[in-house]
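Visitor: This is a predicted model, with the sequence first.
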Amino acid sequence: MTKFSDISEVQKIAQLAMLELKEDEAEALQKKFSSIRSYFDSLADIPVSDNEDISPIGEYKPLREDIPCKSGIRPDSFSAMTDNSSFTVPKFNPVPADRWVMTVGNFDGLHRGHLHLIDQMKQYAVQTNSGTVLLSFTPHPKEILNPHTPLPKIYSLQQKIDLCREAGIDRLTLVEFTEKFAQITPEDFIAQYIVGDKILVKLYIGFDFNFGKNRSGTAETVRAALAAKGIPTEQVSAYKIDRMTVSSSMIRRLLFEGEFEQSALYLGRDWLIEGVVVGGRRQGRQLGFPTANLIPDIYLPLRAGVYATRIHLEDRKLPAVTNIGVRPTLTDDPQTVIESHIFNFSEDIYGKKISVQPVRFIRPEQKFSGVEELKSQIALDLRTAQSRLI
């Protein structure tokens with residue numbers, strides 16, 4: 001949970017939410033929220049009628065404010081659950097009525113299996129004049145249930161939201177997964193999160209659907225509970241390519257093994273690491289190989305090492321060689337850094353958003369005896385990467 005205690009932080013959050021707040025406007029919001037528990041982050045929608053005049057927010061109701069924003073986007077009317085641990089990303093599409101077709105799951109990767117389910121849900125929503133809502137969790141449940149075992153994630157939360165938008169989902173509701181939430185019974189989860197106070201027309205679930213404490217809830221559990229209310233449930237069969245079931249775990253394995261063409265087949269798109277270029281120690285420049293650096297905000301499903309890559313910058317795809325790791329020859333810092341040397345490139349791109357597309361794995365990261373040996377290896381890596389990108 002986040003408490004707003006600093007005006008500059010309010011402004012920062014607002015900027016991430018694509019709003020422009022003046023200092024006095026940020027101060028007004030800071031005063032409003034300083035004494036209450038909120039769950040805003042870079043994905044939240046701070047209710048304003050426009051960018052110049054903060055609307056009266058009225059009596060606080062956790063995450064259920066229904067005030068139009070300048071963009072026409074507003075928080076969802078059913079985004080608040082009984083434990084105040086969920087929020088709804090601003091709606092993506094106009095919804096014809098307060099009727100909903102829903103799906104629930106982790107959806108890490110938004111791969112072709114997920115998209116197959118979403119397409120069926122969207123078709124039924126059109127037939128019934130309903131909106132579509134996807135309910136997911138953050139962080140991933142395994143990160144809470146197995147905190148000592150790092151979970152590689154296919155995409156960051158922001159990428160997941162962008163992909164849901166591209167998939168045509170009308171609403172994305174994210175539930176904060178905590179140790180307390182992990183104890184919720186299947187019956188309470190159905191009542192509070194699946195049914196809630198909305199008009200639910202139909203529920204779509206995946207072939208491996210389990211939920212509730214100890215994953216004790218099954219497809220039959222939810223099917224029976226909703227059938228008693230006259231609400232149908234459809235369990236979508238596994239989606240297969242070449243007789244292989246498409247799954248997030250399989251895609252993570254392919255990425256770790258450097259099988260990027262195969263992972264793209266199952267994802268339905270090239271896999272990208274997104275971020276904003278940050279300033280570093282300029283060690284690459286001192287070695288004669290300037291780099292654009294990213295700090296990943298997820299545990300990447302990759303081996304530490306050197307990759308032939310393409311850097312997506314605005315509308316360009318630039319060939320590059322990228323080291324992903326801790327730079328053991330130059331530092332003892334355990335922070336993973338993504339360093340990309342873009343071929344024949346001299347632009348200043350600090351602060352700009354780029355995406356790194358790994359194309360080929362070249363070699364594992366290693367510690368060299370000194371700077372000269374490192375420079376020789378980098379020169380060799382450059383030639384190898386160029387040949388792999390032809």
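Guide: In hand now; what should we look at?
Visitor: What is the neighbour count of Glu365?
Guide: When neighbours are counted by other C-beta atoms under 10 Å, Glu365 registers 15. C-beta coordinates here come from the backbone N, C-alpha and C atoms, glycine included.
Visitor: just checking, it touches Leu302?
Guide: No. The criterion here is C-beta atoms under 8 Å, and Glu365 misses it with Leu302 at 10.7 Å.
Visitor: Need the residues touching each of those two.
Guide: Common contacts of Glu365 and Leu302 (C-beta atoms under 8 Å, 6 or more residues apart in numbering): Ile324.
Visitor: wait, is Ser340 part of a helix?
Guide: No. Checked against DSSP: H, G, I helix; E, B strand; the rest coil, Ser340 lies outside a helix; its state is strand.
Visitor: For it, give the beta-bridge partners.
Guide: Ala292, Thr322 (DSSP bridges).
Visitor: residue contacts, it?
Guide: Thr291, Ala292, Asn293, Leu294, Thr309, Ile311, Ala320, Val321, Thr322, Ile354, Val356.
Visitor: Test my guess that the first one contacts Ile338.
Guide: Spelled out, that is Thr291. No. With contact defined as C-beta under 8 Å, Thr291 does not reach Ile338; the gap is 9.0 Å.
Visitor: Common neighbours of these two, please.
Guide: Asn323.
Visitor: neighbour count winner among the two?
Guide: More crowded of Thr291 and Ile338, by other C-beta under 10 Å: Ile338, with 25 against 22.
Visitor: Look up the closest residue to Ser130, ignoring the ones flanking it.
Guide: Leaving out its chain neighbours, the residue that sits closest to Ser130 by C-beta to C-beta, 6 or more residues apart in numbering is Arg99, at 4.1 Å.
Visitor: Could you check how far the one you found is from Ile295?
Guide: Shown here: Arg99 relative to Ile295, a distance of 43 Å by C-beta to C-beta, to the nearest Å.
Visitor: the more surrounded of these two?
Guide: Between Arg99 and Ile295, counted using other C-beta under 10 Å, the more crowded position is Arg99 (16 against 12).
Visitor: which residues does the more buried one form a beta bridge with?
Guide: Ile199.
Visitor: Identify the residues contacting the strand or helix carrying Arg363?
Guide: For Arg363, the element it lies in under DSSP states H and E is strand 353-364. Strand 353-364 has contacts (C-beta under 8 Å, 6+ apart) with 258, 260, 270-277, 292, 294, 302-313, 317, 320-322, 338, 340, 381, 384-385, 388-389.
Visitor: how far out from the middle of the chain is the next helix-or-strand element following it?
Guide: Under the assignment DSSP H and E, the closest C-terminal helix or strand after strand 353-364 is helix 371-388. Mean-position distance between helix 371-388 and its chain equals 33 Å (C-alpha atoms, centre = their mean, to the nearest Å).
Visitor: Now do helix 371-388: everything it contacts.
Guide: Residues from elsewhere that reach helix 371-388 (C-beta under 8 Å, 6+ apart): 287-289, 306-309, 319-321, 329-330, 341, 343, 359-360, 362-363, 368.
Visitor: can you rerun that using 6 Å?
Guide: Leu287, Phe289, Val306, Ala308, Val321, Thr329, Arg360, Ile362, Phe368 (C-beta atoms under 6 Å, 6 or more residues apart in numbering).
Visitor: distance of Pro186 from Asn210?
Guide: 9 Å.
Visitor: Give me the more crowded residue out of these two.
Guide: Pro186 (20 against 15).
Visitor: quick one: contacts for that one?
Guide: Pro186 neighbours (C-beta under 6 Å, 6+ apart): Gly212, Ser216, Gly217, Thr221.
Visitor: Where does pLDDT dip in the stretch 251-390 of the chain?
Guide: Where the stretch 251-390 of the chain drops to pLDDT under 70, the residues are 280-288, 332.
Visitor: how about 80 then?
Guide: Across the stretch 251-390 of the chain, the ranges flagged by pLDDT under 80 are 280-289, 327-333, 369-370, 390.
Visitor: quick one: contacts for the residue most central in space within the chain?
Guide: When C-alpha atoms, centre = their mean is applied to the chain, the residue found nearest the centroid is Leu157 (1.9 Å). By C-beta under 6 Å, 6+ apart, the residues touching Leu157 are Thr138.
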